[in-house]
Structure formats: C-alpha cells, structure tokens
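Trainee: no letters, just coordinates:
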DNA sequence: AGTTAAATCGTAATCATTCCTAATAAGAGA
DNA sequence: TCTCTTATTAGGAATGATTACGATTTAACT
C-alpha cells in the first residue's frame, strides 16, 4: 500500500479526490508510526491551518474501512498508522514512546485454533509493547 | 483469587473494609465475565442505590493495582473482570456478546522473544474475540 | 459555466472517565 | 464505648476524546 494506491482505492469506491485527503495520506505515509487524531491534525496545520476534527475523524474512519490505515488503542486514545502491508496478515511491536512499529512475523492464532474448537472466532489482537533502540 | 483473599489483600495494604468494596468484589466474582463500569454500578443498585461513579472507578482502579481484577478495552470502554488466576500468566478468548472468557493456554511471547532481540519489551496483549456457544 | 451531491468548517453535543468538596464512616486508641 | 483521625463516599462539575449537525464550499459530471 502506498499513497497512489490509496487514492485509487478511494476513487474506485466513488469517493472524491480532495487535497486534504491526499495530504492526510501523505502525512500518514511519511510517518511510519502510530499517531493520534490530534497529532495528525497538528501535522496538517502547515498546509491547512483550519482543518476541523470532523474532517480528520471522518477521513480516518473512511481510511480504516478501506483498510488504508491500521488502528490500535494506546493510552486510552485511538491511534492510526498507514497500513504497512495490505496483503499479509501480521502483528506489531509498538514503541510506547515514539509510536514506531516493527513487524512481528509470528501469529499466535496458528497455535490457538485447536484449543478453541467449537468457538466462533471473529478476530484477535496481538501486540508487543516496549521501547525501540532510539527511545530506550 | 477469591473474595476473601481479595479482602485480605486490601487489609494487608492498609485499605479499609467497606460494604461497598465487598459488594463489588462479590459481584465481580459471581459474574465470570468482562463488564463495564456502568454494568458494575448497575449491579450494585439493589444494595446501594446511590453509589457514585467515583466510588466505582476509584475502587476498580485500586483492584486493578492490586491485581484483583483484569482489564481490557472493549467497544471503546474499559472492561473489568475478577482475576481468574493470580499466579499464572495467561490470555483469553472473549465473547463479544456476553463478555465471558475462556482461558487460552498458549502465550505467543514464548515464540517472539528471539525475533525481537535488542528491543526493550515491557508488555504484550493477546486476545481472541468471537462468540461463545450460547451467544453464537 | 451550471448542477448536484459529497466534503468541509465551526461549533455544539455526547459519553466515558476524572476531579473536587463537603459529608460520612472505618479503624485505632483512650 | 467514646473520640479522634483519616480514608472513603456522594453528588455534581470538569475534562477530553469523539461524534453530530447545519451552513457553506468544492469536486466531478453535463
């Protein structure tokens, strides 16, 4: 997934091409880490000083729906990052200081399905938290 | 962990024995599932019709600190359940309908530490979501 | 250029959680 | 049992993230 693909995806679903959406996508793409809505709004300030929270939240929700971004809950706030791969299922190590991530290759579900036979499984979450080399 | 042990733990740490705390502990213990603060307050209404949110949240935070309860985020709200074991590290399958849980024996961290050598790991989260037999 | 529906702004509303202050009650000691 | 000290609590106000809404603007199509 990159910015062009994301824009194409929006078009394919009948959504309009707007400067704000492109800017948000570029900002997300450039910053390879989990960010809060406020941080993303802050990052738009240079180009769009009056961008409203409504626009941020609405577009992020749209991006999430189209799987352009991945989300998680950190410190009681929803955080967003540009989807690092669109094809492969994966998990993350997340730095609690800077929000940067590192892919974790292993998926625990491979080992768990046997244990939960008969249950209807609709999803799972596996995240490792800590501090990256720079923040440690 | 049971109610008596929890009360003893409170005493050992210099906290007072109050009817409200005991009632909360009993309610949590009887309901073997994740519940929101509101649900727990609702459950207290019979015995303590005027119990305040402050009391609920303050005591739940205390219980969490003493590891009497386990917590997780569901549907954007913090949820609480009586700690099912105090000794062993474990994870849960969680029913998104009723909140009931089932222990998952496997911990993915056993397989992940090698992958993340050099990182400072401070925690992790692994939860499986779905619907239990009754709710399916 | 004109039309139309989507997108956006600015602000108000919502909802979970936290904070604050006066009143209450538990535990310790006399 | 009585009093004193301090933790606990009720009630309501404050906070902070997120959502909703009416008015205005703008992208996309004719």
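Mentor: Yep, that arrived. For clarity, every value in this text was computed on a predicted model and none was experimentally measured.
Trainee: only C-alpha atoms from now on, for both contacts and neighbour counts.
Mentor: OK.
Trainee: what about the residue nearest to residue A:122 when sequence neighbours are not counted, how many residues nearby?
Mentor: Of all residues not flanking residue A:122 in the chain, residue B:130 sits nearest, at 4.6 Å (CA to CA, 6 or more residues apart in numbering or on different chains). For residue B:130, the neighbour count with other CA atoms under 10 Å in any protein chain shown is 19.
Trainee: isn't residue B:130 right up against residue A:125?
Mentor: No: contact criterion CA atoms under 8 Å: residue B:130 and residue A:125 do not qualify, at 11.6 Å.
Trainee: what residues does chain A put near chain B?
Mentor: A:104, A:106-108, A:111-112, A:115, A:118-133, A:136 (CA under 8 Å from any CA of the partner chain).
Trainee: where exactly do the helices run in chain A?
Mentor: With helices called from DSSP state H, chain A shows them at A:3-12, A:19-30, A:37-44, A:53-65, A:109-112.
Trainee: next, see if the third one gets close to DNA strand C.
Mentor: No: Helix A:37-44 stays out of contact with DNA strand C when judged by CA under 7 Å from any atom of the strand, the minimum separation being 9.5 Å.
Trainee: please identify the buried residues of the lowest-mean-pLDDT helix or strand in chain A?
Mentor: Each helix and strand of chain A was given a mean pLDDT (mean pLDDT, DSSP states H and E); the minimum falls on helix A:109-112 at a mean of 90. For helix A:109-112, burial by neighbour count (16 or more other CA atoms under 10 Å in any protein chain shown) applies to A:109, A:112.
Trainee: tell me what that helix is packed against?
Mentor: Using 3 or more CA pairs under 8 Å, 6 or more residues apart in numbering or on different chains; DSSP states H and E, no helix or strand is in contact with helix A:109-112.
Trainee: neighbouring contacts of that helix?
Mentor: A:124, B:104, B:106 (CA atoms under 8 Å, 6 or more residues apart in numbering or on different chains).
Trainee: scan the residues you listed and report the most crowded one.
Mentor: residue B:106 leads the contacts of helix A:109-112 on contacts (other CA under 10 Å) with 18 neighbours.
Trainee: got a pLDDT number for that one?
Mentor: Note on residue B:106: pLDDT of 91.
Trainee: what sits against it?
Mentor: Contacts of residue B:106 (CA under 8 Å, 6+ apart): A:108, A:111-112, B:90-91.
Trainee: farthest pair in these?
Mentor: Across the contacts of residue B:106, the longest distance by CA to CA is 14.5 Å; it joins A:111 and B:90.
Trainee: from DNA strand D, how far off is the residue of chain A most remote from its centre?
Mentor: Ranked by distance from the centre of chain A (CA atoms, centre = their mean), the top residue is residue A:118, with 31.6 Å. Distance from residue A:118 to DNA strand D, counting by CA to the nearest atom of the strand, to the nearest Å: 32 Å.
Trainee: what sits closest to that residue if chain neighbours are left out?
Mentor: Nearest one to residue A:118, counting by CA to CA, 6+ apart, is residue B:133 at 7.5 Å.
Trainee: the one you found contacts residue A:119, doesn't it?
Mentor: Yes: contact criterion CA under 8 Å: residue B:133 and residue A:119 qualify, at 6.4 Å.
Trainee: neighbour count for these two, which is higher?
Mentor: residue A:119 (17 against 10).
Trainee: which ones are touching the residue lying closest to that one once chain neighbours are set aside?
Mentor: Nearest residue to residue A:119, sequence neighbours excluded (CA to CA, 6+ apart): residue B:132, at 5.7 Å. The contact partners of residue B:132, taken as CA under 8 Å, 6+ apart, are A:119-120, B:95, B:100.
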